[in-house]
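S.K.: got a structure for you, letters missing:
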């Protein structure tokens, strides 16, 4: 039987990992993450084993910083993708981060105040609002090359055909 890796986060902050289908679990919470935040989203990369993304928010505790992380080694180490100075403002709590299934390193992030995109695996971010109202983005899915968002109070929002963005990323122009 194949070994299955599962990563999960809790609504009070801890992140856990199993690499043996659930027989044993290891705590892999990012060391720099303040305690008590809500792990809103954690997901494996569709491109590389051991690579995952994590979105945590702490605004219910009075901390409005964005917390997006990436690991490439099954949670042994984590890189903070939101410094407050690399595109997502320091007071924009984050709810979700997803990697594009067609383009490694192309990330979409949902915050309390809209959508952001990164073409360099989270090193930098830029607003990707287009005609999306300022609203919390609670989930993101790329489906049949369309970007589908779930929002708080605004229903669903769909950006048809991500091909122009994929092409721009392929030639290095976000």
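M.R.: The structure has been received and is ready for your questions. Everything numeric here is computed off the predicted structure, so don't read it as measured data.
S.K.: and the longest strand anywhere in the chain, which residues are buried?
M.R.: Secondary structure of the chain read by DSSP state E shows that its longest strand is strand 63-71. Going by neighbour count (16 or more other Cβ atoms under 10 Å), the buried part of strand 63-71 is 65-71. From N, CA and C alone the C-beta is placed, and that goes for glycine too.
S.K.: Kindly report the same for stretch 8-23.
M.R.: Going by 16+ other Cβ under 10 Å, stretch 8-23 has these buried residues: 9, 13, 15-19.
S.K.: least trustworthy position among those residues, going by pLDDT?
M.R.: Within the buried residues of stretch 8-23, pLDDT reaches its minimum at residue 13, with 90.
S.K.: doesn't residue 42 make contact with that residue?
M.R.: No. The criterion here is Cβ atoms under 8 Å, and residue 13 misses it with residue 42 at 11.7 Å.
S.K.: residues making contact with the least confident helix or strand in the chain by mean pLDDT?
M.R.: Least confident helix or strand of the chain, by mean pLDDT, DSSP states H and E, is helix 163-170 with a mean of 83. For helix 163-170, contacts defined as Cβ atoms under 8 Å, 6 or more residues apart in numbering pick out 100, 102-103, 106, 117, 119, 145, 174.
S.K.: buried set for that helix?
M.R.: Buried residues in helix 163-170 (16+ other Cβ under 10 Å): 165, 169.
S.K.: the strands in the chain, which residues?
M.R.: 6-9, 15-18, 26-27, 38-44, 52-58, 63-71, 79-80, 94-99, 107-111, 114-118, 126-127, 137-143, 146-151, 156-159.
S.K.: What pairs with the last one, parallel or antiparallel?
M.R.: Just to be clear, that refers to strand 156-159. With DSSP bridges as the test, strand 156-159 is paired with strand 146-151 (antiparallel).
S.K.: Check the offset of the strand it pairs with from the chain's centre.
M.R.: Offset of strand 146-151 from its chain centre (Cα atoms, centre = their mean, to the nearest Å): 14 Å.
S.K.: mean confidence score for it?
M.R.: Computed over strand 146-151, the average pLDDT equals 95.
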